[in-house]
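*Asks:* Give me coordinates for this.
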Amino acid sequence: MPTQTVNPSPALTDPATAQALFNAEALAELQHEVAHLRTAVEVLQRQNAELVTIRQAFEAERRRYREMIESSPDGYVLTTLGGIIIEANRVAAALLGVRQDFLTSKALLLFAEDESRAQLDAMLAQWHDAEQAQHSWRQPLVRGQIQLRVYRGAPFPAEYTISPTRDEHDRIVGLRWTLRDLSESARTEQALRERDYHYRTLFENAGDAIFIHNLTGRFLEVNRVACEFLGYSREELLRLTPTDVTAPELVAKVPVIIAQLQHEDHIFFEMTLQRRNGTRLPMELNSRIIEYAGGPAVLSIARDITERKRGEEALARWAMQLALLSDVGRQIAAILGVQQVLERAAQLVHDNFGYHHVALFIVDRAHGELEMKAIAGEFVNLFPPNHRVPLKQGMVGWVSEHGRRLLADDVSHEAHYVNFYPDLIPTRSELSVPIRIGDQTVGVLDVQSPAVNAFDENDVKVMETLADQIAIAMANAQLYEEAQEARKVTGKLNPNRVR
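*Replies:* Numbers count the residues shown, from 1 in each chain. So this is what the prediction gives:
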């Protein structure tokens, strides 16, 4: 069979054309490779960015880990299973008495007290065999105490906690130790106990009552003085609220005061408390909001102001007595008859000062007696007209003889007291004051009360001043009467001279 000859295309046999085709194919292939490389570069850039992000996150996490370790109040040590220190924080270095970098690569046994080294060896041996630890000792934490030693220094008791570090295959590869100086802890606990003792001593021995209650009103703590003031035991008082120990008419003020305290630093106020037996106790309170037992509470320091109130009342009474004294003196000074002076004085003293019984006696030395010339009060109808008392009998008799006042706060203890009508007169206290003209006692002002301790120093001062005013009024009245009598005599002797 004859061979057929194929003639090549003239374009392919042209060198220039062939070169052009080759260049085009090479360029296309190069462009493809460039595109492929560009894609690979983009992938690498993304991977690199991810690696940078991961590294930054890792570094940030490592910094946080270091900050956490360095800020720990306890010593932190990372060791191999053989007890070689890999890493330690500043607290651990301070506990062991060395620089932080000194600890790296040192054996922890170096810092164990002699008698504790066997104990530490035994612990390390238990952790050393990772496989054994994996299958038979899965405790995440081991706690205990051991005697450590400051490097080339004194030993100290330490509390330790051990936890394992694991690799990606969950194999134990190291140990984390936290160390706490128990001697420091003991000192701290002792300091806290001493502080608590001093606090309790001050709290319990304060001169004022101290109350602490929460904002809902339940007492949280009270001191001894508070219990004594109110008559409750501590246990009883802690079951009560401020409203339970407040005078009933003032209970509505308690929530108002608590609300006020939440807007002000502290407040002073007066409050009347009610004791267990029902008696009242005026108090001055200094209250403020504090933190107590994890929440807001009211601390109140309360001072008994009973004596101050009595002093204020006595001062007000004294001022009133002075005003009344001036008025009584003015009124009796205008009376010109002795008998009228005495009667008016007795009635004014009773009406203005509220004494239970008032009597005025005049000394009759010729008969050795005191004559009751005026009486006012509750015993008016008990005494007969012109009632007389021997000069040496009773308190009025003693005063007339000695010219000095006599006060019996409790007549049952007064030797000079005499009750002429014991079944009818309930006198428990008596005050007798001399009425003196010049050096001579001319009478006695006597006041009585059915209450013990009814008269105080103010009453004594008022009655003594009144006695002086009565003496002056009596002297003036006597002079007037004598002048009138002289005038009458003169008129009888010379009627032409009397107009």
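*Asks:* could you point out which element follows the longest helix that the chain contains?
*Replies:* Longest helix of the chain, by residue count under DSSP state H: helix 15-71. Next in sequence after helix 15-71, counting helices and strands by DSSP states H and E, comes strand 75-80.
*Asks:* now for that following strand, which elements pack on it?
*Replies:* With contacts defined as 3 or more CB pairs under 8 Å, 6 or more residues apart in numbering; DSSP states H and E, strand 75-80 has these neighbours: strand 85-88, helix 90-96, strand 172-181. The C-beta positions use only the backbone N, C-alpha and C, and glycine is treated the same way.
*Asks:* Now do the longest helix of the chain against strand 75-80: the angle between them, please.
*Replies:* Interaxial angle, helix 15-71 versus strand 75-80 (axes from the mean of the first three to the mean of the last three CA atoms, to 10 degrees): 130 degrees.
*Asks:* Can you list the low-confidence ranges for the stretch 351-499 of the chain?
*Replies:* Along the stretch 351-499 of the chain, segments meeting pLDDT under 70 span 491-499.
*Asks:* Now do the helices in it.
*Replies:* 394-402, 457-493 (DSSP state H, counting those that start in this stretch).
*Asks:* List the buried residues in the first one.
*Replies:* What it means is helix 394-402. Across helix 394-402, burial judged by 16 or more other CB atoms under 10 Å covers 394-400.
*Asks:* How is this structure divided into domains?
*Replies:* Listed domain ranges for the chain are 70-187, 206-304, 325-485 (source: automatic domain parsing).
*Asks:* the helices in the stretch 201-350 of the chain, which residues?
*Replies:* Going by DSSP H, counting those that start in this stretch, the stretch 201-350 of the chain shows helices at 224-230, 234-237, 253-261, 306-333, 338-353.
*Asks:* related to what we said a few turns ago, mean neighbour count, distance to Asp456 and mean pLDDT for the helices and strands packed on strand 75-80 - can I get that in TSV?
*Replies:* Shown next, in TSV, are the helices and strands packed on strand 75-80 (neighbours: other CB atoms under 10 Å; distance: least, CB to CB, whole Å; pLDDT from 0 to 100):
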stretch	mean neighbour count	distance to Asp456	mean pLDDT
strand 85-88	19	80	93
helix 90-96	20	71	89
strand 172-181	19	67	89
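*Asks:* The ones you listed: which one's closest to Phe353?
*Replies:* Of all those, it is strand 172-181 that lies closest to Phe353, at 77.8 Å by CB to CB.
*Asks:* Name the strands paired with the closest one and say parallel or antiparallel.
*Replies:* The sheet places strand 172-181 alongside strand 75-80 (antiparallel), strand 155-166 (antiparallel), with pairing taken from DSSP bridges.
*Asks:* on that earlier part again, would you mind finding the most buried of the helices of the stretch 201-350 of the chain?
*Replies:* helix 338-353 (a mean of 20; mean count of other CB atoms under 10 Å).
*Asks:* Give me the contacts around that one.
*Replies:* By CB atoms under 8 Å, 6 or more residues apart in numbering, the residues outside helix 338-353 that reach it are 321, 324, 327-328, 331-332, 335, 355, 358-360, 362, 373-377, 443, 445, 447, 459, 462, 466, 470, 473-474, 477-478, 481.
*Asks:* okay if I get the helices of the stretch 201-350 of the chain as JSON lines plus distance to Leu27?
*Replies:* Below are these laid out as JSON lines (distance: least, CB to CB, whole Å):
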{"stretch": "helix 224-230", "distance to Leu27": "103"}
{"stretch": "helix 234-237", "distance to Leu27": "102"}
{"stretch": "helix 253-261", "distance to Leu27": "90"}
{"stretch": "helix 306-333", "distance to Leu27": "113"}
{"stretch": "helix 338-353", "distance to Leu27": "134"}
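*Asks:* need the least confident one among the ones you listed, by mean pLDDT.
*Replies:* Among those, helix 306-333 carries the lowest mean pLDDT, at a mean of 77.
*Asks:* tilt between it and helix 338-353?
*Replies:* Using the same axes, to 10 degrees, helix 306-333 lies at 150 degrees relative to helix 338-353.
*Asks:* Just want the angle from helix 306-333 to helix 457-493.
*Replies:* Using the same axes, to 10 degrees: helix 306-333 against helix 457-493 is 0 degrees.
*Asks:* Which elements pack onto helix 306-333?
*Replies:* strand 280-292, helix 338-353, helix 457-493.
*Asks:* Save these as CSV, and put in distance to Thr216 too.
*Replies:* Shown next, in CSV, are the helices and strands packed on helix 306-333 (distance: least, CB to CB, whole Å):
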stretch, distance to Thr216
strand 280-292, 13
helix 338-353, 50
helix 457-493, 47
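*Asks:* Need the winner for burial among the ones you listed.
*Replies:* Counting by mean count of other CB under 10 Å, helix 338-353 has the highest mean neighbour count of those, with a mean of 20.
*Asks:* Please state the offset of stretch 181-192 from the chain centre?
*Replies:* 28 Å (CA atoms, centre = their mean, to the nearest Å).
*Asks:* swap that for stretch 330-343, please
*Replies:* Relative to its chain's centre, stretch 330-343 lies at 60 Å (CA atoms, centre = their mean).
*Asks:* What would that stretch look like as PDB? C-alpha coordinates only.
*Replies:* What follows is stretch 330-343, C-alpha atoms only, in PDB (Å, rounded to 0.1, in the frame of the first residue of the first chain):
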ATOM      1  CA  ARG A 330     -45.600  92.000 146.500                       C
ATOM      2  CA  GLN A 331     -49.000  90.900 147.600                       C
ATOM      3  CA  ILE A 332     -48.300  90.400 151.300                       C
ATOM      4  CA  ALA A 333     -46.300  93.600 151.400                       C
ATOM      5  CA  ALA A 334     -49.400  95.500 150.600                       C
ATOM      6  CA  ILE A 335     -51.300  94.100 153.600                       C
ATOM      7  CA  LEU A 336     -51.200  96.200 156.800                       C
ATOM      8  CA  GLY A 337     -52.600  93.700 159.400                       C
ATOM      9  CA  VAL A 338     -50.300  91.000 160.900                       C
ATOM     10  CA  GLN A 339     -53.100  88.400 161.000                       C
ATOM     11  CA  GLN A 340     -54.100  89.200 157.500                       C
ATOM     12  CA  VAL A 341     -50.400  89.000 156.400                       C
ATOM     13  CA  LEU A 342     -50.100  85.500 157.800                       C
ATOM     14  CA  GLU A 343     -53.400  84.200 156.400                       C
END
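*Asks:* Around Ser300, how many other residues sit close by?
*Replies:* Neighbours of Ser300 under the rule other CB atoms under 10 Å: 24.
*Asks:* Who are the contact partners of it?
*Replies:* Counting by CB under 8 Å, 6+ apart, Ser300 has contacts 210-213, 285-287.
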